[in-house]
Each structure stands twice: as structure tokens, then as C-alpha cells.
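K.L.:
the following block contains a protein sequence and its predicted model.
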Amino acid sequence: MRVFVTGASGHLGSAVVPELLSAGHEVTGLARSDTSAAAIEKLGAQVRRGDLSDLDVLREEANASDGVIHLAFRHDLMVDGDLPGAAKADLDALTAIADGLAGSGKPLVGTGGTAMLVMGGVVGRAGTERDTFPSGGYRIDAENFVADLATSGVRSSIVRLAPTVHSSLDRNGFITAIIAAARRKGCAAYVGEGTNRWPAVHTLDAAALYRLALEKAPAGTRLHGADDEGVPFQQIAAAIGDNLGIPVRSISPVEADDHFGFLGSFVQIDNPTSSAITRELLGWTPTHPGLIADLHEGHYFRA
């Protein structure tokens, strides 16, 4: 299968591309810079220059491919607080890709997040793949758009990723940002009692899930990229403090923005997430370390 991958040079893409190649697929990756192009070529894939704003490029590559995996996202806008702008860029890109795939029966694997379960009102229990929401802006509208493509002759699926996708490949994710905050402040913090839970998945296990979704997910499927169902945030802070040799302490909600920066509200979400349906449907079996074990391997803390 000839697969077009957006975000191919990023954290997750750097695992998804080798996963696809090792399974015998051909890969073309979208590259917005010379650095990204060189990284994609080093992985063994072909390069198409462009970015998420190049809608004609996205449409053409989708049409020429046998399937698409959409990983790219305007994280720069998210960090700057422009969530509506990031969401619009994502939906515009997906619309162009969908135009190239319409009526073909080819697969499109999109990317969402398990945090949308909290935004959608799932409270006090683990969210499941059956939880859906009629609308809601950031991420939710894009997910619904992808799922609805099943009615337009596209074998579409969406992977809701845990907020913590962790491994030695992670250079700019939430865990690295939380560790950076701990270094700056001289302590590893959690909010309140720190009992709120974050799901997590190893990068290589997530890559395997994307490949399986491309190859065999039924049209309109929602999937959960979560191995750890919910790690209490206090345990995450404790592992960070232990590895940095700094104190671990509770902070109040009003202190969270000062300590964590743009993640001040996000570190407080309680987002337990089940992936039981995904595992049964696709035969997905994570084999790599969970979040706490991965933190204690030490690679996040080396200079």
C-alpha cells in the first residue's frame, strides 16, 4: 500500500513511518522544511514538500495514495493559546484530504485525543470508544468529520491518543514540558491530592495501532491509543522528582498556571480511558513499558 503521512518527521511520525515500512508499505511524508525532508528521507520514505495550509498538495497526495495517516497538527497555535485556529487548520486539512479520497474506499486514519472525553462530559468513569459527542469545537468536530466520511466512500477511522505518548523519541510532548517546569521551579508538582488520572501509551505501541487501523479498521471506527488506563498525576510527579533529585509537592489550582505554564489547566484533568474495544477489534497488544516504568528508564532526564 502506498501511504501518505502528514507529520511524518514528528515524534509520532518518526515511529509510524518505520512501522509502515517494516510491514511492506511504501510511504510518502509531508515535509514543511529542509530539516523535515531530511528526517523523512533518513527513515526511508519519499518526501512531498508542503504543510497543512497547502490544501492542493494534501488533496493531490490523498488522491494518488492508497491510504492516508494524518498526524500533523498546529501545536504552535495550541501553545500560543489559539485553540480555535489550531482546530480550524486541522479541519481544513482533513477536508482537503477527504476530497482526494472521496468514493474510493481507501483508508484515512485521523488523530484525536482522549482529553475530548472530559470536554464532552465523561466524568467519574473510564471513557470508551463508544462515547461520542454531537459537537464541541476543538478536536471533537474534526473527529466527527472523519467518522462521518464512512458515508462518503472512505474507510475512515480516528485514533484518540492519550495525552501522554512517551518514549525516548519524545522531545516536545507534555511529559517533556512537565519535566522542564520541574527543573525551572526546583520541585515536581501535582495539583491538590494529585489523584486525577492521565492515560498513557508508548510511542512504538501507538505506531503499531496506526498501522493496524490503516490496514483493517472498519469505516467510521473510533479507537483508543491508551495502554495505561489512568496514571495518578501524583505518581507522575513522584517519578519526575525521584529522577531529578528534587522535592515533590502539592500545589493549589491557582498556582498551577505559574508552575506549569500553558499546561496549568490540563494537568488537572481526570481522564481515565479504556482501550478494551480497540484491543479486541484490531488485535492491538501493547508490549512496551508503561509511563512510570519508562520515566524510570532515565532517558527523559539525560542532557
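P.N.:
That came through fine. Numbers count the residues shown, from 1 in each chain.

K.L.:
now the element after the helix or strand bottoming out on mean pLDDT in the chain, going C-ward?
P.N.:
Averaged element by element with mean pLDDT, DSSP states H and E, the chain has its least confident helix or strand at helix 75-79 (a mean of 61). Using DSSP states H and E, the helix or strand that follows helix 75-79 towards the C-terminus is helix 83-101.

K.L.:
contacts for that next one, please.
P.N.:
6, 52-53, 55-56, 58-65, 68, 70, 72-75, 77-78, 108, 110, 137-139, 141-142, 145-146, 149, 152, 154 (C-beta atoms under 8 Å, 6 or more residues apart in numbering). The C-beta positions use only the backbone N, C-alpha and C, and glycine is treated the same way.

K.L.:
need the helices for the chain, in chain order.
P.N.:
13-22, 34-43, 55-64, 75-79, 83-101, 115-119, 140-148, 174-185, 203-216, 233-244, 253-260, 276-282, 291-295 (DSSP state H).

K.L.:
that older thread, buried ones among the contacts of helix 83-101?
P.N.:
With neighbours counted using 16 or more other C-beta atoms under 10 Å, the contacts of helix 83-101 contain these buried positions: 6, 52, 55, 58-63, 65, 68, 70, 72-74, 77, 108, 110, 138-139, 141-142, 145-146, 149, 154.

K.L.:
pull the number of nearby residues for Thr221.
P.N.:
Thr221 has 22 neighbours, counted by other C-beta atoms under 10 Å.

K.L.:
which pLDDT value goes with it?
P.N.:
If you check Thr221, the pLDDT there is 97.

K.L.:
change the start of the numbering to 17 and stick with it
P.N.:
Sure thing, new numbering starts at 17, so read that last one as Thr237.

K.L.:
contact partners for it?
P.N.:
Counted by C-beta under 8 Å, 6+ apart, Thr237 has contacts 145, 163, 172-174, 229, 297.

K.L.:
contacting residues for Thr180?
P.N.:
So Thr180 contacts 189-191, 214-217, 244, 247, 307 (C-beta under 8 Å, 6+ apart).

K.L.:
hmm, try it at 6 Å
P.N.:
Residues counted as contacts of Thr180 (C-beta atoms under 6 Å, 6 or more residues apart in numbering) are 190-191, 214, 216, 307.

K.L.:
could you give the number of residues near Ile85?
P.N.:
Neighbour tally, Ile85, other C-beta under 10 Å: 30.

K.L.:
now it: how far from Asp157?
P.N.:
Going from Ile85 to Asp157 by C-beta to C-beta, to the nearest Å gives 20 Å.

K.L.:
please apply the same query to Gly26.
P.N.:
22 Å.

K.L.:
again with Ala163
P.N.:
Per C-beta to C-beta, Ala163 is found 11 Å from Asp157.

K.L.:
then Ala309?
P.N.:
Taken as C-beta to C-beta, the span from Ala309 to Asp157 is 36 Å.

K.L.:
so who does Tyr226 touch?
P.N.:
32, 85, 125.

K.L.:
I'd say the last one and Leu230 touch.
P.N.:
Yes: with contact defined as C-beta atoms under 6 Å, Val125 counts as touching Leu230 (5.4 Å).

K.L.:
and the nearest residue to Ser30 once chain neighbours are set aside, what does it touch?
P.N.:
Spatial nearest neighbour of Ser30, excluding adjacent residues (C-beta to C-beta, 6 or more residues apart in numbering): Leu185 at 5.7 Å. Leu185 makes contacts with 27, 30-31, 219, as judged by C-beta under 6 Å, 6+ apart.

K.L.:
what of Ala166?
P.N.:
172, 235-236.

K.L.:
how far away is Ala222 from Phe149?
P.N.:
Taken as C-beta to C-beta, the span from Ala222 to Phe149 is 23 Å.

K.L.:
between those two, who's got more neighbours?
P.N.:
Ala222 (27 against 16).

K.L.:
quick one, what contacts the residue nearest to Ser290 when sequence neighbours are not counted?
P.N.:
Spatial nearest neighbour of Ser290, chain neighbours left out: Ala142 (4.4 Å); criterion: C-beta to C-beta, 6+ apart. Contacts for Ala142 (C-beta under 6 Å, 6+ apart) come out as 245, 288-290.

K.L.:
Ile156 now?
P.N.:
Contacts of Ile156 by C-beta under 6 Å, 6+ apart are 132, 149.

K.L.:
separation between it and Gly60?
P.N.:
35 Å.

K.L.:
burial of Ala197, as a residue count?
P.N.:
Ala197: 20 neighbours (other C-beta under 10 Å).

K.L.:
what score does it have for pLDDT?
P.N.:
With respect to pLDDT, Ala197 has a value of 98.
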